[in-house]
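> 3D model of this:
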Amino acid sequence: MQDAHAHPVIKGIVKQLDSLTPKGKLLGNYIIQNPRKAVFMTTKELSEACGVSEATVVRFVGQLGYSGYGEFLQALRDFVDSGLSLPDRVDLPGMKGPGTDLLHRVVFEEMTNLRQFYETIDMKRLGDIVDRIEKSPAVYVIGSRISYTFAYYLGWSLTKVRKGVNILKGSDSTTIDWLTGAPEESLVIIITTSRYPNELIRMGKVVRRLGHTLLVVTDSRLCPVLPFAHQSLVVPSRSIPLIGYPTTISCIINYLVLELVNRQPPQLKAHQEKLEQMYLENDILFNMHEEDPG
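Numbering: from 1, shown residues only. So this is what the prediction gives:
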């Protein structure tokens, strides 16, 4: 794992260590030395591992500045996730083993992530993002590796409700050409999820250098592209994935597109009618009502 002390959650523990009670120091040292174990522990399990009471665990996370144990675990989860390789992830609890109900685990974790998103989302922030997508002269959606799946989904969906949408790959150097020639005040949306490809960090720097507006959609506040963003949407997951959790980001994409449609911009109907006419003329989509030539 990378230098642990460089991450906020561990840095916070190290900073407070000298001022903690002896039992608090036991907890702090245990977490610093065993973050991959601690991240999966309940307050009861952590208290037993360190030989302290659950009340001591609660006071400990409060002294670190967290509103509760759940918030602390989320921060620790983001730290642990950022340093895990694929072999590490395969060995995580619940990933394998006799009798493990993997389908139940996958569905439960996706539902938990959706519930967390629904309960904590800032609707004003979402509204500001929709405003930006609606009013920008052009929109460029960028992803790489697994996040390119989300970038393509968002970009393709946006083409159905507005003009001037472009889908780019962060791994393709011609992305710089497209962004260099983009209209002034264009909106660039970078979607990036753990483990954050370096090419998307470079794209974040390029967008700021060119003076465009950057919106970053990601799954952790430790995402290294966030420092370059003008606007951001962070949708953290409660668990550490093998590859990723697609449901919440897909849900956000659906919402953004539907909200744009619900605003009924004056050009929407004409744009969609033109699209449908081109689909028909070029035989793009199956048409059940088309006459059978036979």
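> got the residue ranges for the strands in the stretch 51-200 of the chain?
In order along the chain, the stretch 51-200 of the chain carries the following strands (DSSP state E, counting those that start in this stretch): 139-143, 165-169, 187-192.
> quick check: angle from the second one to strand 139-143?
Using axes from the mean of the first three to the mean of the last three Cα atoms, to 10 degrees, the inter-axis angle of strand 165-169 relative to strand 139-143 is 20 degrees.
> what strands line up against strand 165-169, and which way round?
Partner strands for strand 165-169, per DSSP bridges, with pairing direction: strand 139-143 (parallel).
> off-centre distance for the partner strand?
15 Å (Cα atoms, centre = their mean, to the nearest Å).
> pick the most buried one from the strands of the stretch 51-200 of the chain.
With neighbours defined as mean count of other Cβ atoms under 10 Å, these peak in mean count at strand 187-192, which reaches a mean of 29. In short, each C-beta sits where N, CA and C put it, glycine included.
> so how far is Arg202 from Asp177?
Distance, Asp177 to Arg202, using Cβ to Cβ, to the nearest Å: 14 Å.
> can I get stretch 153-168 in CSV, CA atoms only?
Presented in CSV, the C-alpha positions along stretch 153-168 are these (Å, rounded to 0.1, in the frame of the first residue of the first chain):
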residue,chain,number,x,y,z
TYR,A,153,-23.7,5.9,-21.4
LEU,A,154,-24.0,9.6,-20.2
GLY,A,155,-22.8,11.0,-23.5
TRP,A,156,-25.0,8.8,-25.7
SER,A,157,-28.0,9.6,-23.5
LEU,A,158,-27.4,13.3,-23.7
THR,A,159,-27.3,13.2,-27.5
LYS,A,160,-31.0,12.4,-27.3
VAL,A,161,-31.9,15.6,-25.5
ARG,A,162,-29.4,18.2,-26.8
LYS,A,163,-26.9,19.0,-29.5
GLY,A,164,-23.1,19.5,-29.2
VAL,A,165,-22.3,16.4,-27.1
ASN,A,166,-19.0,14.6,-27.6
ILE,A,167,-17.8,11.3,-26.0
LEU,A,168,-14.0,11.0,-25.6
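> number of nearby residues for the nearest residue to Glu110 once chain neighbours are set aside?
In space, and not counting its chain neighbours, Glu110 is closest to Thr247: 4.3 Å by Cβ to Cβ, 6 or more residues apart in numbering. Per other Cβ atoms under 10 Å, the neighbour tally for Thr247 reads 16.
> wait, isn't Leu187 in contact with Ser136?
Yes. Leu187 lies in contact with Ser136 (Cβ atoms under 8 Å); the separation is 3.7 Å.
> rewinding a little: ok, which of the strands of the stretch 51-200 of the chain comes nearest Leu210?
Taking Cβ to Cβ, strand 187-192 is the member of those nearest to Leu210, at 8.7 Å.
> can you list residues touching both of Leu187 and Ser136?
Shared contacts of Leu187 and Ser136, defined by Cβ atoms under 8 Å, 6 or more residues apart in numbering, are found at Thr213.
> where does the stretch 1-150 of the chain have low pLDDT?
Applying pLDDT under 70 to the stretch 1-150 of the chain picks out residues 1-7, 90, 92-100.
> can you pull out the helices in it?
Under the criterion DSSP state H, counting those that start in this stretch, the stretch 1-150 of the chain carries helices at the ranges 8-16, 22-33, 35-38, 43-50, 54-63, 69-82, 86-90, 102-120, 123-135, 146-158.
> dump the ones you listed into TSV; add distance to Ser220 and mean neighbour count as well.
Output for these, formatted as TSV (distance: least, Cβ to Cβ, whole Å; neighbours: other Cβ atoms under 10 Å):
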stretch	distance to Ser220	mean neighbour count
helix 8-16	11	17
helix 22-33	18	17
helix 35-38	15	18
helix 43-50	22	18
helix 54-63	19	18
helix 69-82	4	20
helix 86-90	15	11
helix 102-120	12	13
helix 123-135	17	14
helix 146-158	13	20
